[in-house]
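Asker: I'll drop the sequence and a predicted model, then ask my questions.
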Amino acid sequence: MRIMHRPARIAWLACALAAMLWLPALAQERHGPSAGHGPDRRPPAPNLRLDQRYHHDHYYPRPGHAVPVLPGGAIGLSHGRGHFYFHGGVWFRPWGGRFVVTVPPIGIVVPLLPPAYVTLWIGGAPYYYANGAYYAPAPGQGYIVVDPPPGAEAAPPAPLPPPQTRPAPDPIIYPRNGQSPAQQEADMQACNRWATSQPSALADASIFQRAVAACMDGRGYTVK
């Protein structure tokens, strides 16, 4: 029987704990304060960084960190010749059979803002900040990633909005017809794209999620 000495055992447990912590962090915004204010008190893993700009105070995985699978509900988006995925304020791109955390390209449009963000008013126009990225309204499409607007560093965050109820967790999706994980991922991305075309879906996250659920049900999945 192999005996692990106490120092080695402690080091092994620390590494295992750090590896387990990054997944909850991807969804940390969804379960944190609705406007991105108030620090998350959970201990960070080594691959996480704390974004304190404008008192956003949220942890995110560092750019370059690779994961084997995308978080549930990630939205697939194309920009130029590249393909990206967006979830909870974190951006991913495919890389060698995995998905690597990346910085979003300027000009890419996302249908919904991250669940946690900071609102900035600069030059009389609203901008939204989360995880190093600035978003501006793109009427009829959602929100576009933009360069930091002039004066952004000195701009104070807008006042905190009233407290909101805790958002519902990501739904559980079960393939009724034995679809493979690859087929389920393809269907999810197609349903995300279809949901953005539904009335009011770009302005209301609950409508967007209901549209995705209806689409997945029509493709042979049970969504709970």
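Answerer: Yes, it's here.

Asker: Show the subsequent helix or strand relative to the helix-or-strand element of the chain with minimal mean pLDDT.
Answerer: Least confident helix or strand of the chain, by mean pLDDT, DSSP states H and E, is helix 28-31 with a mean of 39. Sequence-wise, the next helix or strand downstream of helix 28-31 (DSSP states H and E) is strand 48-51.

Asker: Now do the buried residues in that next one.
Answerer: Leu48, Arg49, Asp51 (16 or more other Cβ atoms under 10 Å). In this view, the C-beta of every residue, glycine as well, is placed from N, C-alpha and C.

Asker: Would you tell me which one of those residues comes nearest to Ser206?
Answerer: Asp51 (26.1 Å; Cβ to Cβ).

Asker: neighbours around Ala155, how many?
Answerer: Ala155 has 18 neighbours, counted by other Cβ atoms under 10 Å.

Asker: for Pro105, same thing?
Answerer: Neighbours of Pro105 under the rule other Cβ under 10 Å: 14.

Asker: do Ala213 as well
Answerer: Using other Cβ under 10 Å, Ala213 is surrounded by 18 other residues.

Asker: again with Gly73
Answerer: The number of residues packed near Gly73 is 18, by other Cβ under 10 Å.

Asker: so what are the domain limits for this protein?
Answerer: With domains defined by automatic domain parsing, the chain comprises 32-146, 173-223.

Asker: can you list the ones you listed in JSON lines and add distance to Pro156 and mean pLDDT?
Answerer: Shown next, in JSON lines, are those (distance: least, Cβ to Cβ, whole Å; pLDDT from 0 to 100):
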{"stretch": "domain 32-146", "distance to Pro156": "8", "mean pLDDT": "86"}
{"stretch": "domain 173-223", "distance to Pro156": "26", "mean pLDDT": "80"}
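
Asker: Could you dump those domains into CSV and include distance to Ala152?
Answerer: Shown next, in CSV, are the domains of the chain (distance: least, Cβ to Cβ, whole Å):
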stretch, distance to Ala152
domain 32-146, 6
domain 173-223, 24
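
Asker: and Ala155, which of those is closest to it?
Answerer: Judging the domains of the chain by Cβ to Cβ, what sits closest to Ala155 is domain 32-146, at 4.7 Å.

Asker: What residues sit buried inside the helix or strand encompassing His83?
Answerer: According to DSSP H and E, His83 maps onto strand 82-87. Neighbour counts using 16+ other Cβ under 10 Å place Phe84, Tyr85, Phe86, His87 of strand 82-87 among the buried residues.

Asker: hmm, who's touching the helix or strand just after it?
Answerer: Remark: after strand 82-87, the chain's next helix or strand is strand 90-95, criterion DSSP H and E. The contact list for strand 90-95 (Cβ atoms under 8 Å, 6 or more residues apart in numbering) reads 26, 60-61, 66-67, 70-71, 74, 82-86, 99-104, 131, 133.
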